[in-house]
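[1] give the three-dimensional model of this entry:
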Amino acid sequence: MATEKKTAAKTTAKAETKTAEKKTTAKTATKAAAKTTAKAETKTAAAKKTETKATAEKKPAAKKTTTTKKTTTKKAATKVEMFIEFGGAQVSVDEIIENVKKVNGKDAKNITIYVKPEESKAYFVADGDEKDMDVYFA
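    Numbering: from 1, shown residues only. Have a look, this model is predicted:
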């Protein structure tokens with residue numbers, strides 16, 4: 001009977017040792033998992049900061065690109081030529097404007113021109129001064 005008690009005590013001691021080892025192993029595994037998780041979270045946080053910095057750095061560059069596109073996508077101005085015809089002859093509107101500026105004799109901020117082909121005259125108002133000039137249809 002003493003042998004049985006010793007064997008039972010040894011078996012119990014072995015079982016307790018195995019249980020303690022399992023608990024220690026479980027604690028160690030839990031600690032290792034916690035450390036791994038903490039490291040992963042730190043890396044994730046660092047990666048997010050890096051992404052945020054990269055995103056913040058990229059945004060101004062995108063604005064510059066759109067600004068460049070706006071300047072390069074301007075449409076070419078349409079060239080318009082206009083003529084006034086009367087009695088089988090014609091006069092360019094640009095020619096009338098040049099002659100009005102010459103007759104006025106000084107630069108004006110605002111010029112309004114009225115052309116009356118039947119009288120061969122152009123009446124104009126330059127900065128509030130009313131004047132007229134002859135228009136020759138050729």
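
[2] could you list the domains of the protein?
    Residue ranges of the domains in the chain are recorded as 1-74, 83-134, according to automatic domain parsing.

[3] wait, residue 112 sits on residue 123?
    No. Look at residue 112 against residue 123 with Cβ atoms under 8 Å: they stay out of range, at 9.1 Å. For glycine as for every other residue, the C-beta is placed from the backbone atoms N, C-alpha and C.

[4] ramachandran angles for residue 93?
    The phi and psi values for residue 93, taken as degrees, to the nearest 10, are phi -60, psi -40.

[5] any stretches of the chain with poor pLDDT?
    Residue ranges of the chain with pLDDT under 70: 1-73.

[6] next, the buried residues of stretch 96-112.
    96, 99, 100, 104, 108, 111 (16 or more other Cβ atoms under 10 Å).

[7] beta partners of the spatially closest residue to the first one that is not a sequence neighbour?
    Among residues not flanking residue 96 along the chain, residue 122 sits closest, at 5.7 Å (Cβ to Cβ, 6 or more residues apart in numbering). Beta bridges link residue 122 to residue 115, residue 133 when assigned by DSSP bridges.

[8] what about residue 122, neighbour count?
    22 (other Cβ atoms under 10 Å).

[9] residue 120 too?
    Taking other Cβ under 10 Å as the definition, residue 120 ends up with a neighbour count of 16.

[10] my read: it touches residue 137, true?
    Yes. A contact is recorded between residue 120 and residue 137 when judged using Cβ under 8 Å, the distance being 6.5 Å.

[11] can you tell me how far residue 108 is from residue 77?
    Per Cβ to Cβ, to the nearest Å, residue 108 is found 23 Å from residue 77.

[12] residue 101 too?
    21 Å.

[13] could you do residue 117 as well?
    Separation of residue 117 from residue 77 (Cβ to Cβ): 28 Å.

[14] comparing those two, which residue is more hemmed in?
    A direct count of neighbours by other Cβ under 10 Å for residue 117 and residue 77 places residue 117 higher, at 16 against 6.

[15] that one contacts residue 83, correct?
    No. Using Cβ under 8 Å, residue 117 and residue 83 do not qualify as a contacting pair, with a distance of 11.2 Å.
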